[in-house]
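K.L.:
Take a look and give me a structure for this.
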Amino acid sequence: MNVVTCIAPVNIAVIKYWGKRDEDLILPINDSLSATLHTDHLCAKTTVMTSADFKEDRIWLNGSEESIDNKRLQNCLKEIRKRAKLGSDVGSWKVHICSENNFPTAAGLASSAAGYACLVAALAGLYNVEGDISAAARSGSGSACRSVFGGFVRWYSGSKPDGSDSIAKQIAAPEHWPEMRILVLVVNDASKKVSSAIGMKRSVATSELLKYRAEHSVPRRVEEMTKAILDRDFTKFAELTMKDSNQFHATCLDTFPPCVYMNDTSHAIVELIHAYNAAAGETKAAYTFDAGPNATLYLLEKDVPEVISILNHYFPTISLGDIGVEYLKGIPVQPAAVSEDLLRRINAERQSPGKLKYIIHTCVGDGPKILHEAADHLLDRSGLPLRRKA
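P.N.:
Numbering: from 1, shown residues only. Predicted coordinates:
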């Protein structure tokens, strides 16, 4: 019996990936660039085990057994097993996989990126695979190749038909920009109506704006964003992040039938961030939305207390008791007092209580990590999940 447990991070793109040039190989139509979030606050956790006693490959996700025949899952297994450095007998053993997220799944918070990066990293540990595993992660979920690395990561779309040059590379380590902070605003943790895979396919087939975006906007923006990160130029970083998010969702609306991922609360967050930056006289926060209603805010550490207070004012909780461990998660922060003058200058509408479910305060972190304690495993010694849904 061999067993490996791994955790892997979520990554949130500031220059978005949307659309594939090859569906089978999961090759994107444009480059993308993201920040890897700290695994202490958002991560996938996966245990993989192989044994001569297992009769078949099996997988459990968040406590429920799923089909092992999922094409993308099989792609990952095939890629890692092809590179395995084990004896022929052990290499032929069946594998059991158990994976959990500590954040909502399929709600636009990059759960598939964390999940497949974690799976591939754990399998690589199990099968003694060395070297770059970003292409293997990409075969499960495109953006998963970015979660293989920490810090700020660029996924190169590549041009070769076989996808061999479509890989991710770190452009800056987590410690490069230590002041960078992230607030994940969870608006709705339900699964989205149109999956990213279906939405991308529909956009590629019908959106003229997507073609323009891939050919003209993204190539310029990804170079400007790389420079902004390397220069630690937050003003430029924030402008590019918000513009790219806006264009991505415009592309979704240009799709036929349209894919609508943002909701009224999402748009209220956009309105508030622009109003706050205008009132402050400088760009203090930037929003971005993946394929879902939940917002990710990028900001600098010095501004977190004030921004939390602004959010609490304009998006009040249902009761004061919600503020604390249950509502504000992640890195501890004490909200700052906000002057009445600043509130008067912020031209935004105060929302009814309960529009935000909770906030996660985090920072830029490292890539996947192998956990070495037996207590960390999700599978028992017989290869069955320690926690299963009834």
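K.L.:
got the contact list for stretch 233-245?
P.N.:
Contact with stretch 233-245 is made by 14-16, 217-218, 221, 224-225, 227-229, 273, 282-283, 285-289, 298, 300, as judged by Cβ atoms under 8 Å, 6 or more residues apart in numbering. Yep, even glycine has a C-beta here, placed from its N, CA and C like the rest.
K.L.:
mind running it again at 7 Å?
P.N.:
Residues outside stretch 233-245 that contact it (Cβ atoms under 7 Å, 6 or more residues apart in numbering) are 14-16, 221, 224-225, 228-229, 283, 286-289, 298, 300.
K.L.:
and these, which two are the farthest apart?
P.N.:
Spatially, the most separated pair among these is 16 and 300, at 22.3 Å (Cβ to Cβ).
K.L.:
More neighbours: those two, which one.
P.N.:
Remark: of residue 16 and residue 300, residue 16 carries more neighbours, 27 against 16, as counted by other Cβ atoms under 10 Å.
K.L.:
Now the more buried one. Nearest residue, chain neighbours left out?
P.N.:
In this structure, residue 16 finds its nearest non-sequential neighbour in residue 248, 4.4 Å apart by Cβ to Cβ, 6 or more residues apart in numbering.
K.L.:
Can you tell me how far that neighbour is from residue 283?
P.N.:
19 Å (Cβ to Cβ, to the nearest Å).
K.L.:
returning to that earlier point: the residue nearest to residue 16 and residue 15 touch, don't they?
P.N.:
No: the pair residue 248 / residue 15 is not scored as a contact, 9.2 Å apart, by Cβ atoms under 7 Å.
K.L.:
residue ranges with poor pLDDT in the stretch 251-390 of the chain?
P.N.:
The stretch 251-390 of the chain contains residues with pLDDT under 70 at 319-326, 389-390.
K.L.:
Would you map the strands across it?
P.N.:
With DSSP state E, counting those that start in this stretch, the ranges of strands along the stretch 251-390 of the chain come out as 285-289, 295-300, 328-330, 358-363, 369-371.
K.L.:
who's more crowded, residue 248 and residue 283?
P.N.:
Ranked by neighbour count (other Cβ under 10 Å), residue 248 and residue 283 place residue 248 first, with 25 against 19.
K.L.:
Tell me how far the more buried one lies from residue 196.
P.N.:
11 Å.
K.L.:
Looks to me like residue 100 is in a strand.
P.N.:
Yes: the assignment for residue 100 by DSSP: H, G, I helix; E, B strand; the rest coil puts it in a strand.
K.L.:
got the buried residues for stretch 196-212?
P.N.:
Residues of stretch 196-212 classed as buried by neighbour count (16 or more other Cβ atoms under 10 Å): 196, 197, 199, 200, 202, 203, 204, 207, 209, 210.
K.L.:
before we move on, what about stretch 339-355?
P.N.:
By 16+ other Cβ under 10 Å, the buried positions in stretch 339-355 come out as 343, 346, 348, 351, 355.
K.L.:
Just the ones of those residues in helices?
P.N.:
residue 343 (DSSP state H).
K.L.:
Give me the buried positions along stretch 185-194.
P.N.:
Result for stretch 185-194 [16+ other Cβ under 10 Å]: buried residues 185, 186, 187, 188, 189, 192, 194.
K.L.:
Span of it from start to end?
P.N.:
Terminal residues of stretch 185-194 lie 20 Å apart, using Cα to Cα, to the nearest Å.
K.L.:
shouldn't residue 66 be in contact with residue 57?
P.N.:
No: using Cβ under 7 Å as the test, residue 66 is too far from residue 57 to be in contact (11.4 Å).
K.L.:
starting at the chain centroid, how far to stretch 18-35?
P.N.:
Between the centre of stretch 18-35 and the centre of its host chain there is 15 Å, according to Cα atoms, centre = their mean, to the nearest Å.
K.L.:
next one: stretch 142-162
P.N.:
Its chain's C-alpha centre and that of stretch 142-162 lie 13 Å apart, by Cα atoms, centre = their mean.
K.L.:
And for the residue nearest to residue 26 when sequence neighbours are not counted, the neighbour number?
P.N.:
Of all residues not flanking residue 26 in the chain, residue 142 sits nearest, at 4.8 Å (Cβ to Cβ, 6+ apart). When neighbours are counted by other Cβ under 10 Å, residue 142 registers 29.
K.L.:
returning to what we had before: now a PyMOL select for only the buried ones of the contacts of stretch 233-245.
P.N.:
Those of the contacts of stretch 233-245 that count as buried under 16+ other Cβ under 10 Å are selected in PyMOL with:
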select buried, resi 14+15+16+221+224+225+228+229+283+286+287+288+289+298+300
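K.L.:
still on that earlier bit, looking at the strands of the stretch 251-390 of the chain, which is buried most?
P.N.:
strand 285-289 (a mean of 24; mean count of other Cβ atoms under 10 Å).
K.L.:
Output the contacting helices and strands for that strand.
P.N.:
The helices and strands touching strand 285-289, judged by 3 or more Cβ pairs under 7 Å, 6 or more residues apart in numbering; DSSP states H and E, are helix 234-254, helix 264-280, strand 295-300.
K.L.:
Dump these to CSV, plus distance to residue 362.
P.N.:
Shown next, in CSV, are those (distance: least, Cβ to Cβ, whole Å):
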stretch, distance to residue 362
helix 234-254, 16
helix 264-280, 17
strand 295-300, 10
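K.L.:
angle of the host helix or strand of residue 12 against strand 295-300?
P.N.:
Assessed by DSSP states H and E, residue 12 sits inside strand 11-15. For strand 11-15 against strand 295-300, the angle by axes from the mean of the first three to the mean of the last three Cα atoms, to 10 degrees is 80 degrees.
K.L.:
Go through stretch 39-46 and flag the buried ones.
P.N.:
If you call a residue buried by 16+ other Cβ under 10 Å, then stretch 39-46 has these buried ones: 39, 41, 42, 43, 44, 45, 46.
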